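>>> Have a look; sequence and predicted model below, questions after that.
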Number of protein chains: 2
Amino acid sequence: MSKVFVDMGISLDGFIAGPNGGQKNPLGDNGLKIHEWMFNQKSFRSHLGMEGGETNNADNDIIENIFNRIGANIMCKKMFIEGEADWPEKAPFNCPVYVLTHQKREPWERPGGATFYFVNEDIHKVLERAKKDAGNKDVRISGGAYVVQQYLNAGLVDELTLHVTPIILGKGVRLFENINKEKLSLEIVEALNSPEVTHLFYKINNVNH
Amino acid sequence: MSKVFVDMGISLDGFIAGPNGGQKNPLGDNGLKIHEWMFNQKSFRSHLGMEGGETNNADNDIIENIFNRIGANIMCKKMFIEGEADWPEKAPFNCPVYVLTHQKREPWERPGGATFYFVNEDIHKVLERAKKDAGNKDVRISGGAYVVQQYLNAGLVDELTLHVTPIILGKGVRLFENINKEKLSLEIVEALNSPEVTHLFYKINNVNH
């Protein structure tokens, strides 16, 4: 059955982005450091249309698995704005992306299979649309933190994966804030590490899901 | 060579204790949940003079290894006060414990080998004394968060181990605050998990150490 999952890079002190983020400073001050482990992996590079990169390691396989399972994405307007300027012709998405925003805008089709839909609807309804698009594949709640928190608190997420980089950011955007902790029951699935990053896989047992 | 290490239980959202901690509420609201994985392990129970408990699993072995390597502890007054009331006749320490405090008090000797020394000295000097006591064994910076932060920022810690429980506390005492992030270089050693907890082992490469 199709799953809904959250998959985030995060610093050891719990930040998914640095402070002062925006279109000209994607992921905020020092925020890119959270994702450095990905940049040399072939699976990541190839999805951005870049050549080279490492293969034959767990980090590369994990990225490949994530890309392969995604049938649709949901993200906030801020994430879209920060990414829009930097994503090359071939965006790192090859399936529908729902952007939660008040702004009215026609769907934006990109080479490689990604179409961005700008929607101002209840998060349940957006998820329904994304699930329909995804078919047998999974829906990724891509970010930012506020959108992830909304979906977690609504009991709509089945799996949480964190890629923990061994850095301290000190300031920025925290993933875990305003969480309805009584309703969120996390089950440890596995922990894996490479020299660059630690992958924590959790299953979510939602009370009302 | 003798090492200085920090070994902390922590919630997934980065808290080592809940809010409203004190002598009558050790570890604060819901703070004990962070350490629940330990309470059924034989190695933990036996160090508190309690019978029973599970053996033959990685969690139990990890606890045993920690106890075996400690030659001396350093902790803050708050941690001592919160623990003092609850620790049974045989405190969960069998070696010297240095309590950083302004209060003057004679050393307090406990059955089982723990003597608490109440010291009002520079943290470097306290560490020197603890190292001398520890001999070939290691010195544990036991907590709370502020003492750990002081020793991390002074570049005096060699290893950091986090036991991450899959719970969200939402509020409480954060481990990673006021860290001098430019000086703290963390190296991933290993990540292990059981169904109850994830153990993250880091080596610290101190610039000035």
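Sure, I can see it. Numbers count the residues shown, from 1 in each chain, chains lettered A, B, ... in the order given.

>>> Output the contacting helices and strands for the least confident helix or strand in chain A by mean pLDDT.
Of the helices and strands making up chain A, the lowest-confidence element is helix A:77-84, at a mean of 87, by mean pLDDT, DSSP states H and E. For helix A:77-84, the packing partners by 3 or more C-beta pairs under 8 Å, 6 or more residues apart in numbering or on different chains; DSSP states H and E come out as strand A:97-100. In short, each C-beta sits where N, CA and C put it, glycine included.

>>> Mind giving me the packing neighbours of the strand it packs on?
On a contact count with 3+ C-beta pairs under 8 Å, 6+ apart, strand A:97-100 meets strand A:70-76, helix A:77-84, strand A:115-119, helix A:123-134.

>>> Roughly how far does the residue nearest to the spatial centre of chain A sit from A:Asp13?
Closest to where the C-alpha atoms of chain A average out (C-alpha atoms, centre = their mean) is A:Ser142, at 2.9 Å. Summarising the geometry, the distance separating A:Ser142 from A:Asp13, computed by C-beta to C-beta, to the nearest Å, is 22 Å.

>>> what sits against the closest residue to A:Lys24 other than its chain neighbours?
Setting aside the residues directly before and after it, A:Lys24 is nearest to A:Ala85 in space (C-beta to C-beta, 6 or more residues apart in numbering or on different chains), at 7.8 Å. With contacts defined as C-beta atoms under 8 Å, 6 or more residues apart in numbering or on different chains, the neighbours of A:Ala85 are A:23-24, A:26.

>>> Tell me the spacing between A:Ala85 and chain B.
A:Ala85 sits 27 Å away from chain B, going by C-beta to the nearest C-beta, to the nearest Å.

>>> can you check A:Val126 too?
According to C-beta to the nearest C-beta, A:Val126 and chain B sit 24 Å apart.

>>> Equivalent analysis for A:Phe15, please.
The separation that A:Phe15 has from chain B, given C-beta to the nearest C-beta, amounts to 10 Å.

>>> What of A:Asn40?
For A:Asn40, the distance to chain B (C-beta to the nearest C-beta) stands at 16 Å.

>>> what are the phi and psi angles of that residue?
Main-chain torsions, A:Asn40, degrees, to the nearest 10: phi -100, psi 10.

>>> got it, and the one 10 residues further on?
Per-residue torsions, A:Met50: phi -100, psi 150 (degrees, to the nearest 10).

>>> Looking at it now. What's its pLDDT?
Per-residue confidence (pLDDT) for A:Met50: 85.
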